[in-house]
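> One predicted model, sequence on top.
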Amino acid sequence: MRKEMPVAEVLLWNRLRGDQLGVRFRRQHRVGSYIADFFAHAARLVIEVDGDSHGERREYDEKRTYWMSQRGVRVVRYTNEEVLKNLDAVVQSIADLCAQPARPSPLPSPRRTGERE
């Protein structure tokens with residue numbers, strides 16, 4: 001977890017915080033064993049803001065996104081450049097995603113002890 005956020009994340013956080021989009025986002029929130037830049041539990045939505053270093057981490061990011069999607073969590077990535085140059089459009093696309101119903105996890109729920117098949 002980082003203490004200092006890149007400028008693009010600060011700008012986006014200022015537009016996501018405080019239920020401004022109708023859902024509560026958390027910053028640097030744990031989702032499984034991963035840390036999401038921003039997470040809205042009610043929308044089952046992770047927002048990632050990727051800097052230049054993410055080109056080198058593509059395989060890791062793909063594995064992480066797959067793991068989350070298998071649990072019904074949508075992952076959307078924006079580059080720092082997208083956020084810096086077109087913040088309003090990024091925020092609008094996030095708002096549109098938040099307005100869509102969250103999808104349930106495709107993984108079966110674990111059975112309780114004593115439950116029949």
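Structure's in. What do you need?

> now what about the least confident helix or strand in the chain by mean pLDDT, what contacts it?
Taking all helices and strands of the chain together, the one with the lowest average confidence (mean pLDDT, DSSP states H and E) is helix 58-69, at a mean of 91. Outside helix 58-69, the residues within contact range by CB atoms under 8 Å, 6 or more residues apart in numbering are Val31, Gly32, Tyr34, Val46, Glu48, Asp50, His54, Arg74, Val75, Arg77. In this view, the C-beta of every residue, glycine as well, is placed from N, C-alpha and C.

> and what of stretch 76-85?
With contact meaning CB under 8 Å, 6+ apart, stretch 76-85 is reached by 6-9, 11-12, 45-52, 54, 61, 90, 93-94, 97.

> Show me which of those are buried.
Buried residues within the contacts of stretch 76-85, defined by neighbour count using 16 or more other CB atoms under 10 Å: 6, 8-9, 11-12, 45-50, 61, 90, 94, 97.

> Make JSON lines out of the contacts of helix 58-69 and add pLDDT, secondary structure and distance to Asn86.
Written out in JSON lines, the entries for the contacts of helix 58-69 read as follows (pLDDT from 0 to 100; DSSP: H, G, I helix; E, B strand; the rest coil; distance: CB to CB, whole Å):
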{"residue": "Val31", "pLDDT": "94", "secondary structure": "strand", "distance to Asn86": "26"}
{"residue": "Gly32", "pLDDT": "92", "secondary structure": "coil", "distance to Asn86": "30"}
{"residue": "Tyr34", "pLDDT": "94", "secondary structure": "strand", "distance to Asn86": "26"}
{"residue": "Val46", "pLDDT": "97", "secondary structure": "strand", "distance to Asn86": "20"}
{"residue": "Glu48", "pLDDT": "96", "secondary structure": "strand", "distance to Asn86": "16"}
{"residue": "Asp50", "pLDDT": "89", "secondary structure": "strand", "distance to Asn86": "15"}
{"residue": "His54", "pLDDT": "50", "secondary structure": "helix", "distance to Asn86": "18"}
{"residue": "Arg74", "pLDDT": "96", "secondary structure": "strand", "distance to Asn86": "20"}
{"residue": "Val75", "pLDDT": "96", "secondary structure": "strand", "distance to Asn86": "20"}
{"residue": "Arg77", "pLDDT": "95", "secondary structure": "strand", "distance to Asn86": "15"}
